[in-house]
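> Could you work out the structure for the sequence below:
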Amino acid sequence: MSGNLQGSSGSALARVLSGARLTIGVLAGLALGAVFGLLSLFSRRGPRRPMDPLTERRWRAFKANRRGYVSLWIFAVLFGLSLIAELIANDKPLLIWHDGALMSPMVATYTRDNFGDEFEEPVDYRDHEVQCLIVSDGAESCIFAFDDVHSQYREAQACVEGGGARETCLGGFESAEALRAAVRACLVNTAGNAACSGAPLETLAENRVGSGWMVWPLIPWSHDTINKDASPLPGAPSAENWLGTDNRGRDLLALTIYGFRISVAFGLIVTLFSSVVGVFAGAAQGFFGGSVDLFFQRFIEVWVAVPTLYVIIIVSSVFPPNFWLLAGLLILFGWTTLVGVVRAEFLRARNFEYVQAARALGVGDWTIMFRHLLPNAMVATLTLLPFVLTGSIGALATLDFLGFGLAESYPSLGEIGLQAKDNLDAPWMILTAFFTFAIMLSLLVFIFEAVRDAFDPRKTLT
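Numbering: from 1, shown residues only. Modelled structure (predicted):
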C-alpha cells in the first residue's frame, strides 16, 4: 500500500505544487516589478520631468549613502510583498477548476453546494472533504470518506509508541503524520476510494477521479488559520509550517507577514499625522512668538504630563480597541515630539535677512513659514522622524504585548513576542519575533539616516 499511496499522493502534490509555484512566481514577479518601477521613477532623470537642481543634489546624496539606498530597496520589496499578503499566505486557493468552470475564491464567495454538496454552508478549503469534492467534480463518495483517517493515524501512532515495527505500523512511511497525509491525498484524488486505507491497489495512482484542480498560495495558511493537526502547541518548524505555529496552532510565517504589514502601516500613519500636527504647532510657536508661544508652551507642558498608557487602558475598557482607535490615541499624544525642534529652528531663522526682505515685499506670514523657513528646519525635523516611526511601531507592539493593543482578530507582532515570553521552550518563536523587529527597525533607521544626510545643506551643497 505504501508504494501506491506514495505514488498517488506524490503525483497529485507535484501537480498542485508546480502550479502553485508558477502562479506565485508570476504574481511575485509582477509585484516586484511594480515596486522596482516605482523606485526607478525616482532614479530616472529623463527629459520629460527634470528634477530641480536642489532635489537632484539631494537624490544624489541619498544614493551615495549605499547603506540607506540598499535598505530602501529591501524595505520596499518586503513591504510591497506584504501588501499582497493575501496572494502569498492564504487558506483559500488562488484558482479552482471544478466541473469545467474556473473559479477564484479570492474574488468571489462560494458555498459547499457550489462543489456538489447539498448544504449551503461556508467553504473551508482546507477541509479534505471539500478538496475531494472539488477535485472529483462533486462525487458523492467524498462525503464522510475522511471520518476514519484520524483514528487510523492514532492507531499507527499508538503502534509505534507501543514498540511495534515501523514497517508494520506505518506501512513504509517515515511517520504517522506522513501516513495520514498520504491517505488523505489518496482519498482526495480518488473520490474517497476505500482502498486508500485498505489493501494495496496496483492501479491506484492511475485511478484519479474527476478533472478538478486547485492552485494554492505559496503559504497555504492565513494569519487566523488553525492547524488542527499541529501537536503539541506551539509547534516546531516543519514542512507544513516553516516557522512553526503559535500556542493556538496558527502559522508563524503567515502571522509575521500580516503583522509586518499592519505594524509598518500603523507606524507610517501615526508618524505622518503626528508630524504634520507637530510641525504646524512648532512653526506657529517659533514664528509668531509672544503670547502664542507662551500659550502653546504651557499647554504642551500640561499635555505631555498626561499618562498616555493609563488613557489607553481607560479608553480600551470603554471601547473595543481597533487599528484606528489606537492610531488616533497615539497621534493625540505623540504630536509634541517634533514641536520643540521645529520651534527652535523657526525662532532662530525668523529674523534672518531673507525673512525681513520677504516681509518688506509683502509676502504673507504662512508663505514665509512653509515656503522659506520650513525647508531650513527639515534637517532637524528629519533627524527625529526615524525615532517617531520606530517609536510608533514599538508602541503598538508594546500595547499588544501588555494586552491593551489590537483585538485577537488582528495579526500582531507584539502578540508573537508575548507568546515567545510565555513559551521559552519554543526558541523558534523567540527568534521569529527578534529578527522581525531587528530587521524592520534597522532598515527604517538606515533609510532615515540617509534621508537626513540628503537634506543636510552642508553635504548637498558641497
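> Quick check: which ranges of the stretch 201-350 of the chain have low pLDDT?
Across the stretch 201-350 of the chain, the ranges flagged by pLDDT under 70 are 201-208.
> how does it look with 50?
Filtered on pLDDT under 50, the stretch 201-350 of the chain yields the residue ranges 201-203, 205.
> where along it do the helices fall?
Secondary structure of the stretch 201-350 of the chain (DSSP state H, counting those that start in this stretch): helices at 252-288, 290-303, 308-318, 323-334, 339-349.
> Contact partners for residue 128?
Residues in contact with residue 128 (C-beta atoms under 8 Å, 6 or more residues apart in numbering) are 146, 149, 184, 187, 188. Bear in mind the C-beta positions are built from the backbone N, C-alpha and C, glycine included.
> Assign the last one to one of the three secondary structure states.
The three-state label for residue 188, taken from DSSP: H, G, I helix; E, B strand; the rest coil, comes out as helix.
> so what's it up against?
Going by C-beta under 8 Å, 6+ apart, residue 188 touches 12, 128, 131, 132, 135.
> what pLDDT does the second one get?
Model confidence at residue 128, given as pLDDT, is 86.
> Could you shift the numbering so residue one becomes 196, and keep it that way?
That works, and once the first residue is 196, the last one we named lands at residue 323.
> ok, residue 469 - contacts?
Neighbouring residues of residue 469 by C-beta under 8 Å, 6+ apart: 525, 526, 529, 530, 532, 533, 583, 587.
> Report how many residues lie close to the last one.
Put plainly, it is residue 587. Around residue 587 there are 24 other residues, counting by other C-beta atoms under 10 Å.
> quick check, it in a helix?
Yes. Counting by three-state DSSP, residue 587 is found in a helix.
> For residue 549, see how far away it is.
35 Å (C-beta to C-beta, to the nearest Å).
> Residue 331 now?
Distance from residue 331 to residue 549, by C-beta to C-beta: 79 Å.
> the more surrounded of these two?
Per other C-beta under 10 Å, whichever of residue 331 and residue 549 has more neighbours is residue 331, with 26 against 12.
> so how far is residue 478 from that one?
To residue 478, residue 331 is 68 Å away according to C-beta to C-beta.
> Check residue 639 too.
From residue 639 to residue 478 the distance is 25 Å (C-beta to C-beta).
> same deal with residue 441?
For residue 441, the distance to residue 478 equals 46 Å [C-beta to C-beta].
> just residue 298 next, same as before
Applying C-beta to C-beta, the value for residue 298 to residue 478 is 55 Å.
> between the two, which one's more packed in?
The neighbour comparison of residue 298 against residue 478 (other C-beta under 10 Å) goes to residue 478, with 22 against 19.
> how about the more buried one, what does it touch?
By C-beta under 8 Å, 6+ apart, the contact list for residue 478 reads 537, 538, 541, 564, 565, 568, 569, 572.
> Please, where are all the helices along the stretch 546-657 of the chain?
Secondary structure of the stretch 546-657 of the chain (DSSP H, counting those that start in this stretch): helices at 548-555, 560-562, 569-597, 608-617, 622-650, 652-655.
> Present those as JSON lines; the columns should include distance to residue 464 and mean pLDDT.
Below are these laid out as JSON lines (distance: least, C-beta to C-beta, whole Å; pLDDT from 0 to 100):
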{"stretch": "helix 548-555", "distance to residue 464": "33", "mean pLDDT": "86"}
{"stretch": "helix 560-562", "distance to residue 464": "26", "mean pLDDT": "87"}
{"stretch": "helix 569-597", "distance to residue 464": "8", "mean pLDDT": "86"}
{"stretch": "helix 608-617", "distance to residue 464": "16", "mean pLDDT": "90"}
{"stretch": "helix 622-650", "distance to residue 464": "14", "mean pLDDT": "90"}
{"stretch": "helix 652-655", "distance to residue 464": "29", "mean pLDDT": "63"}
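> Any idea which of those helices gets closest to residue 305?
helix 608-617 (31.0 Å; C-beta to C-beta).
> Pull the residues that contact the closest one.
For helix 608-617, the external contacting residues (C-beta under 8 Å, 6+ apart) are 429, 441-442, 447, 450-451, 454-455, 458, 591-596, 598, 600, 621, 624-625, 627-628, 631-632.
> ChimeraX command to pick out the buried ones of these?
Here is the ChimeraX selection string for the buried members of the contacts of helix 608-617, based on 16 or more other C-beta atoms under 10 Å:
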select :429,441,447,450,451,454,455,458,591,592,594,595,596,600,621,624,625,627,628,631,632
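> Among the contacts of residue 478, name the buried ones.
Neighbour counting with 16+ other C-beta under 10 Å marks 537, 538, 541, 564, 568, 569, 572 as buried within the contacts of residue 478.
> Out of these, which comes closest to residue 293?
Nearest to residue 293 among these: residue 569, at 59.2 Å, using C-beta to C-beta.
> for the closest one, what are its contacts?
474, 478 are the contacts of residue 569 under C-beta under 8 Å, 6+ apart.
> So it versus residue 580, what's the distance?
In terms of C-beta to C-beta, residue 569 sits 14 Å off from residue 580.
> Check residue 328 too.
Residue 328 sits 53 Å away from residue 580, going by C-beta to C-beta.
> still on that earlier bit, now render the helices of the stretch 396-545 of the chain as CSV, adding distance to residue 407.
As requested, the helices of the stretch 396-545 of the chain are exported to CSV (distance: least, C-beta to C-beta, whole Å):
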stretch, distance to residue 407
helix 447-483, 25
helix 485-498, 62
helix 503-513, 47
helix 518-529, 38
helix 534-544, 62
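> Residue 468 against residue 526, yeah?
Yes. Counting by C-beta atoms under 8 Å, residue 526 is a contact partner of residue 468 at 4.8 Å.
> So which of the two has more stuff around it?
Neighbour comparison, residue 468 and residue 526: the larger count goes to residue 526, with 20 against 17 (by other C-beta under 10 Å).
> what's the distance between residue 559 and residue 530?
Residue 559 is 25 Å from residue 530, where distance means C-beta to C-beta.
> Sorry, slip of the keys, the one I care about is residue 615.
In terms of C-beta to C-beta, residue 615 sits 32 Å off from residue 530.
> cool, and residue 436?
Using C-beta to C-beta, residue 436 is found at 41 Å from residue 530.
> what do you get for residue 414?
Separation of residue 414 from residue 530 (C-beta to C-beta): 38 Å.
> Kindly report the same for residue 441.
Residue 441 sits 35 Å away from residue 530, going by C-beta to C-beta.
> Quick one: the strands in the stretch 246-395 of the chain, in order.
290-293, 296-298 (DSSP state E, counting those that start in this stretch).
> Now for the nearest residue to residue 308 once chain neighbours are set aside: which residues touch it?
Excluding its sequence neighbours, the residue lying closest to residue 308 (C-beta to C-beta, 6 or more residues apart in numbering) is residue 315, at 5.1 Å. Contact partners of residue 315, counting by C-beta under 8 Å, 6+ apart, are 306, 307, 308.
> Residue 306 versus residue 315, what's the distance?
Distance, residue 315 to residue 306, using C-beta to C-beta: 5 Å.
> Kindly report the same for residue 429.
The gap separating residue 429 from residue 306 is 33 Å, by C-beta to C-beta.
> got it, and residue 483?
Residue 483 is 64 Å from residue 306, where distance means C-beta to C-beta.
> Since that was my last question, I'll sign off now.
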